[in-house]
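Novice: sequence isn't available, so here's the structure alone:
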Ligand SMILES: CC(=O)SCCNC(=O)CCNC(=O)[C@H](O)C(C)(C)COP(=O)(O)OP(=O)(O)OC[C@H]1O[C@@H](n2cnc3c(N)ncnc32)[C@H](O)[C@@H]1OP(=O)(O)O
Ligand SMILES: CC(C)C(=O)C(=O)O
């Protein structure tokens, strides 16, 4: 069957002068939680008294000033819960509890019994008004439907007069009337029934407004249609200033948040919804999402504080027994996480720029892919970047920086990324920060608690550096070439001599070599002793500063330079002036490759050295890289 034969489309309102589409929300609505009623009535297993209490306390903690606590006439649990929080003085003085009753006299009376002694109460009565309900459920005419609402409003009014007497508890009352199924009701009829209810109530004033709650009991149209209906109601009801227009969107079409936001633009003053969107069928509108949508538009969502979103998730899912989807806006466990490489790259750069802004006194949050600062919702930055086969070098480098305080040079990021990519492809799993740390220390032969000394083919045991007085006769071929290429020549020798103990495969050898810096002197020694012919393509170093790296690396002082000259490194063994550790990074290419045109495109052999002495760090980095030359998979 064609869907057009079975389903009727919604009937658009003719509202050519609608104003809501061009408005911008700048204030926050009155927030009302209906978790303990609409949320509760939708649960497979309604909440116990203890669960309701836990939930109620959380709602108070979040800042709600209006909480629909029960449908007291529905069950002893609900009735008992209302009595419990009143008798145990658990309702803060500035909070209104709200109770729902159908327009049925015996149920209204029972509802009033439940609230006796409460300080502030919103008495909420409903009856369904749409033609569907009038024809199918109640077999009532429009007039009979109005009569029902009016008659029971008068009963509510009598009981309000009664229960507000000091001898009966002296309760402050507000009255809320819901034309249930409002969005399926003829708009002029919805307005008419509310006018009649207001007259029957007789107490509405600017100081004590009547609440007309306009539910999308079932979401049957798009959110712009709901907004049109709200604007129609607001512009056609009389004495608008004596009315609070309340919105109660459900989520059957998945548009409850959009409907609520558009409904607010259209004139809504108040929102009824549930935390994380529990509720009948596909749920009530999610107040966490709505409030945080406002927050990241720069609007404080009234008295609500959703910053401890994890504890909200814990309480709500603990009481409702409904898990929160990992992609649930703001609250899901994956919503701040980027796996994809280009996202990670943009986020990482965004953090750096943001930190620079903060340092300049500009705290505005503008980070790619992150509409809200995870820290504002109690999430750590560790949750932001996680690595799998979709990730890129930036994300991997970010995690290395976080875990080890190392700010890898760009070309090394590319090289190490290949190591991680191979693991990710092979395992098909997420690569944790621990996995990355292990792969990094293994690849670059760094000691670790897990791997111990973890030496590569070559390791530094001890060394001295001294200024060479004359060009040594045994200078290696590549060093001679390098000196002449640098233009130093034999006639102006500015040479350092390296002498040291180097372990090769665990066996210690005494090595000697010369060059125009510590690193080239060591390379000279390696070539002479082991025939390793390699040149440095890139060198960089920085002081390890974990704190700044974790926050994005902005203040890390890293220098990226050509091969350091003798003057650029501290040649004194005891020359470390600070206890801070230094990290050095070296990329070696074999001597032939470094000469070939275009060779820079290929990744060389990278090494890392860490030491309190910057010179020692550089030498260790050379040995780390040289160790990988024999194993081309360890680039
Ligand atoms: C859109 C919403 O979420 S509204 C809130 C709905 N919440 C709930 O339903 C949860 C709590 N409800 C309940 O616990 C129960 O349904 C109660 C206590 C309200 C009523 O229970 P019961 O009296 O056993 O009636 P039940 O709900 O099964 O049937 C309703 C009957 O009342 C009638 N009825 C409904 N509203 C009214 C009314 N305002 N005046 C007169 N009759 C009414 C219905 O037509 C139906 O009549 P029928 O039995 O002659 O066909
Ligand atoms: C009682 C009313 C407000 C309701 O819950 C609904 O229509 O969804």
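Specialist: Nice, I can see it. Since this is a predicted model, take the numbers as computed values, not measurements. Ligands and ions are numbered 1, 2, ... in the order given.

Novice: what is the neighbour count of residue 100?
Specialist: Look at residue 100: counted by other CB atoms under 10 Å, it has 25 neighbours. C-beta here means a position set from N, CA and C on the backbone, and glycine is covered the same way.

Novice: same deal with the one 5 residues further on?
Specialist: Per other CB under 10 Å, the neighbour tally for residue 105 reads 14.

Novice: contact residues of the chain facing ligand 2?
Specialist: 38, 100, 126, 178, 180, 213, 215, 217, 248, 250 (CB under 6 Å from any ligand atom).

Novice: and this protein, which residues reach ligand 1?
Specialist: 38, 41, 71, 73-74, 102-104, 126-127, 137-138, 148, 180, 217, 280.

Novice: which of those are buried, as a PyMOL select command?
Specialist: Buried subset of the residues of the chain next to ligand 1, written as a PyMOL selection, criterion 16 or more other CB atoms under 10 Å:
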select buried, resi 38+41+71+73+74+102+103+104+126+127+148+180+217+280
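
Novice: related to what we said a few turns ago, tell me which of the residues of the chain next to ligand 2 fall in strands.
Specialist: Mapping the residues of the chain next to ligand 2 onto strands (DSSP state E) picks out 100, 126, 178, 180, 213, 215, 248.

Novice: contacts only, for the residue of the chain found nearest ligand 1.
Specialist: The nearest approach of the chain to ligand 1 comes at residue 74, 3.2 Å away (CB to the nearest ligand atom). With contact taken as CB atoms under 8 Å, 6 or more residues apart in numbering, residue 74 is in contact with residue 41.

Novice: tell me where the stretch 351-500 of the chain has strands.
Specialist: Counting by DSSP state E, counting those that start in this stretch, the stretch 351-500 of the chain has these strands, from start to end: 458-468, 495-504.

Novice: could the ones you listed be laid out in JSON lines, adding distance to residue 24, mean neighbour count and mean pLDDT?
Specialist: Formatted as JSON lines, those follow (distance: least, CB to CB, whole Å; neighbours: other CB atoms under 10 Å; pLDDT from 0 to 100):
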{"stretch": "strand 458-468", "distance to residue 24": "64", "mean neighbour count": "17", "mean pLDDT": "93"}
{"stretch": "strand 495-504", "distance to residue 24": "68", "mean neighbour count": "20", "mean pLDDT": "95"}
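
Novice: okay, those in a markdown table with distance to residue 362 next?
Specialist: As requested, those are arranged in a markdown table below (distance: least, CB to CB, whole Å):
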| stretch | distance to residue 362 |
| --- | --- |
| strand 458-468 | 45 |
| strand 495-504 | 47 |
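
Novice: helix, strand or coil for residue 151?
Specialist: Per DSSP: H, G, I helix; E, B strand; the rest coil, the local secondary structure of residue 151 is helix.

Novice: does residue 394 touch residue 350 like I think?
Specialist: No - the pair residue 394 / residue 350 is not scored as a contact, 11.0 Å apart, by CB atoms under 8 Å.

Novice: neighbour-wise, which of the two wins?
Specialist: Neighbours per residue (other CB under 10 Å) separate residue 394 from residue 350, with residue 394 holding more: 22 against 17.

Novice: not counting sequence-adjacent ones, nearest residue to the more buried one?
Specialist: residue 345 (3.6 Å; CB to CB, 6 or more residues apart in numbering).

Novice: pull the residues that contact the helix or strand harbouring that neighbour.
Specialist: Secondary structure assignment for residue 345, by DSSP states H and E: helix 341-359. Identification of contacts with helix 341-359 by CB under 8 Å, 6+ apart yields 338, 363-370, 381, 384-385, 390-395, 397-398, 551-555.

Novice: which single residue of the stretch 351-500 of the chain ends up nearest ligand 2?
Specialist: Closest point on the stretch 351-500 of the chain to ligand 2, by CB to the nearest ligand atom, is residue 377, at 28.8 Å.

Novice: neighbours of that residue, how many?
Specialist: A count of nearby residues for residue 377, using other CB under 10 Å, gives 20.

Novice: what sits against it?
Specialist: Counting by CB under 8 Å, 6+ apart, residue 377 touches 292, 306, 307, 309, 310, 330.

Novice: brilliant, that's me finished.
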